[in-house]
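**Student:** sequence? don't have it. structure:
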């Protein structure tokens, strides 16, 4: 049986997070297993508000995330950001030292999560 994210990857012409989000939108997928939420505008707004509210010397800045796209939010309030080759799992506290960096495309990140091979302290 093919997984959702494997099927999406097969349809993708590239590994850009924008392509990932477009494919999800075309399929009408806004959430997976009530754990990941893919509502792009809501997630970006929530992230921008968190950046402003939690701004400090130990938290992420918008500049540090230049080139990354917020692709999902977890039920726990953590954010998933990606570029074409790397996925960041950003805790809801936005503490820089706690950010996980995964050298995977967004498709491969979610495939690894789906098949249970993703090693993460934040995403279960």
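**Tutor:** Structure's in. What do you need? All figures in this text were calculated on a predicted structure; none of them were measured in a lab. Residues are numbered from 1 along each chain as shown.
**Student:** geometric centre of the chain: which residue is closest?
**Tutor:** The structure's the chain has its C-alpha centroid closest to residue 80; by Cα atoms, centre = their mean the separation is 2.3 Å.
**Student:** which stretches of the protein form strands?
**Tutor:** In the chain, strands defined by DSSP state E lie at 31-32, 36-37, 69-74, 79-82, 87-90, 100-102, listed in chain order.
**Student:** of all these, which lies closest to residue 124?
**Tutor:** Taking Cβ to Cβ as the criterion, residue 124 comes closest to strand 69-74 out of those, the separation being 8.8 Å. For every residue, glycine as well, the C-beta is placed using N, CA and C.
**Student:** by contact count, what packs against that closest one?
**Tutor:** With contacts defined as 3 or more Cβ pairs under 8 Å, 6 or more residues apart in numbering; DSSP states H and E, the packing partners of strand 69-74 are helix 17-26, strand 36-37, helix 40-53, strand 79-82.
**Student:** quick one on the thing from earlier: the residue nearest to the centre of the chain contacts residue 89, doesn't it?
**Tutor:** Yes: in terms of Cβ atoms under 8 Å, residue 80 counts as a neighbour of residue 89; the distance is 6.0 Å.
**Student:** identify the contacts common to these two.
**Tutor:** residue 123 (Cβ atoms under 8 Å, 6 or more residues apart in numbering).
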